[in-house]
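In: fold the stuff below for me.
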Amino acid sequence: MTNIDVTTCKIALLSGGWSDEREIALASGHACERALHQAGFEHVDFIDIAEKGVLSKLEDGNYDVAFIAMHGPYGEDGCVQGLCELLHLPYTFSGVLASAMGTEKQIAKTIYETAGIPTPRGYEITPNQEIDAAYAQKLVEELGLPVFVKPATNGSSYGVSRVTSVDELPQAIKLACADGDNALVENCIVGTEITVPVIGNNNPQALPIVEIVTGAEFYDLKVKYEPSSLHHVIPARLSEKAYTLAQEYACKAHKALGCRGVSRSDFIVTTDDQPVLLETNMIPGMTETSLLPDSARHAGIEFSELCRTFVELALERA
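Out: Below is the predicted model:
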């Protein structure tokens, strides 16, 4: 950690943006703004990155750190990180390359496999690829049913479908590709749904594991933004073996992708205690109902302290 009093830093809190997750990003941004003030930061400017004049504001603002509270394209994929690099402005969370690789699900899956982390089998499909009945049948024969179909880069469950028949597959792929994104078709892993937040730069540490109990087919948008007490069980009800292995895999994914500051990896733990990594979130949600703050609180870390730590990690990296 840096030895300076980081609360004297002038913070540009970057939020909003243009993605499907804009409203969620704004909610995260305002929650982080409140938390930074509670932590003792006096100079925090909330900036919606989609507004006009942002570049001049960042150039002329004499900011010490950019705190990025953005989700989805332009926020988690390396774009705003690249802007901060050009401005020589230290920023929270992962750099350009790690952000891009973690956001592109098929690339991330390849990295997981190389690192020895189990991940579902799947196929990436381009928007212009023809999905006729024969190809749909081939996918089902390869992966079985049900399968999950999701955009290859989007987040927060936008465009995600759980497909239970071959006839549903073409429409699900079309939905996933609706914004010009590639689609990812994966076999469905059955088990306990968990998420593992990780904090740190070169020596990351896993926070308590959160078990997600939904009562729905999967952790969809409606469930994600209901009160956390309805769906989060902390610590997750896993065997000691599975718990330890999931935290180990989450830290390994954090390092393999090159993450900095924070990441949050989502898993399904099978009945034979095997955690299977679905994806890694490069900038997890940070609202009052989000998984990361809930896990941190269980570890005795209040949200204000967590946000201060993120600033410290950004300066340590810089």
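
In: which element, helix or strand, includes residue 186?
Out: Using DSSP states H and E, residue 186 falls within strand 183-187.

In: list the helices and strands that strand packs on?
Out: With contacts taken as 3 or more Cβ pairs under 8 Å, 6 or more residues apart in numbering; DSSP states H and E, strand 183-187 sits against strand 122-125, helix 133-143, strand 147-151, helix 169-176. All C-beta atoms are positioned from the backbone trio N, CA, C, and that covers glycine.

In: minimum distance to residue 313: which of those has it?
Out: Closest to residue 313 of the helices and strands packed on strand 183-187, according to Cβ to Cβ: strand 147-151, at 29.1 Å.

In: elements contacting that closest one?
Out: Applying 3+ Cβ pairs under 8 Å, 6+ apart, we find strand 147-151 packed against strand 161-163, helix 169-176, strand 183-187.

In: any idea how far residue 94 is from residue 7?
Out: 24 Å (Cβ to Cβ, to the nearest Å).

In: higher neighbour count, those two?
Out: residue 94 (29 against 15; other Cβ atoms under 10 Å).

In: my guess is the more buried one contacts residue 254, does it?
Out: No: distance between residue 94 and residue 254: 9.1 Å, which falls outside the contact criterion (Cβ atoms under 8 Å).

In: if I look at the two, which residues touch both of them?
Out: Each of residue 263 lies in contact with both residue 94 and residue 254 under the rule Cβ atoms under 8 Å, 6 or more residues apart in numbering.

In: in this structure, which spans are helices?
Out: 22-38, 54-60, 79-86, 96-103, 105-114, 133-143, 169-176, 221-224, 240-257, 291-298, 303-317 (DSSP state H).

In: I'd guessed residue 160 sits against residue 176; true?
Out: Yes: look at residue 160 against residue 176 with Cβ under 8 Å: they come within range, at 7.4 Å.

In: so those two - more neighbours on which side?
Out: residue 176 (25 against 20).

In: so what's the nearest residue to the more buried one once chain neighbours are set aside bridging to?
Out: Nearest residue to residue 176, sequence neighbours excluded (Cβ to Cβ, 6 or more residues apart in numbering): residue 183, at 3.7 Å. Using DSSP bridges, the bridge partners assigned to residue 183 are residue 125, residue 151.

In: all numbers from here: first residue = 29
Out: Sounds good: first residue 29 from here, last item residue 211.

In: ok, residue 211 - contacts?
Out: The neighbours of residue 211, taking Cβ under 8 Å, 6+ apart as the test, are 152, 153, 155, 177, 178, 179, 180, 201, 204, 205.

In: that one and residue 202: what is the separation?
Out: 8 Å.

In: go on, residue 290?
Out: Using Cβ to Cβ, residue 290 is found at 34 Å from residue 202.

In: between these two, which one's more packed in?
Out: Legend: neighbour count by other Cβ under 10 Å for residue 290 and residue 202, higher for residue 290 (27 against 15).

In: and the more buried one, what is it in contact with?
Out: 121, 225, 226, 227, 311, 312, 320, 338.

In: quick one: least confident helix or strand in the chain?
Out: Among the helices and strands of the chain, helix 249-252 carries the lowest confidence by mean pLDDT, DSSP states H and E, at a mean of 54.

In: in terms of mean pLDDT, which of the helices of the chain ranks lowest?
Out: Mean pLDDT per stretch puts helix 249-252 lowest among the helices of the chain, at a mean of 54.

In: about what we covered before: could the helices of the chain go into a markdown table alongside distance to residue 233?
Out: A markdown table is the format used below for those (distance: least, Cβ to Cβ, whole Å):
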| stretch | distance to residue 233 |
| --- | --- |
| helix 50-66 | 20 |
| helix 82-88 | 31 |
| helix 107-114 | 23 |
| helix 124-131 | 18 |
| helix 133-142 | 20 |
| helix 161-171 | 35 |
| helix 197-204 | 34 |
| helix 249-252 | 25 |
| helix 268-285 | 7 |
| helix 319-326 | 11 |
| helix 331-345 | 11 |
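
In: which among those helices is found nearest to residue 296?
Out: helix 268-285 (10.2 Å).

In: measure how that closest one sits relative to helix 124-131, angle-wise.
Out: Angle, helix 268-285 to helix 124-131, by axes from the mean of the first three to the mean of the last three Cα atoms, to 10 degrees: 130 degrees.

In: if I look at the closest residue to residue 295 other than its chain neighbours, how far off is residue 167?
Out: Among residues not flanking residue 295 along the chain, residue 303 sits closest, at 4.4 Å (Cβ to Cβ, 6+ apart). Distance from residue 303 to residue 167, counting by Cβ to Cβ: 25 Å.

In: check the gap between residue 142 and residue 216 for me.
Out: Relative to residue 216, and taking Cβ to Cβ, residue 142 is found at 24 Å.

In: the two - which one has more neighbours?
Out: More crowded of residue 142 and residue 216, by other Cβ under 10 Å: residue 216, with 17 against 9.

In: quick check on the more buried one: phi, psi?
Out: When read as degrees, to the nearest 10, the backbone of residue 216 gives phi -80, psi 120.
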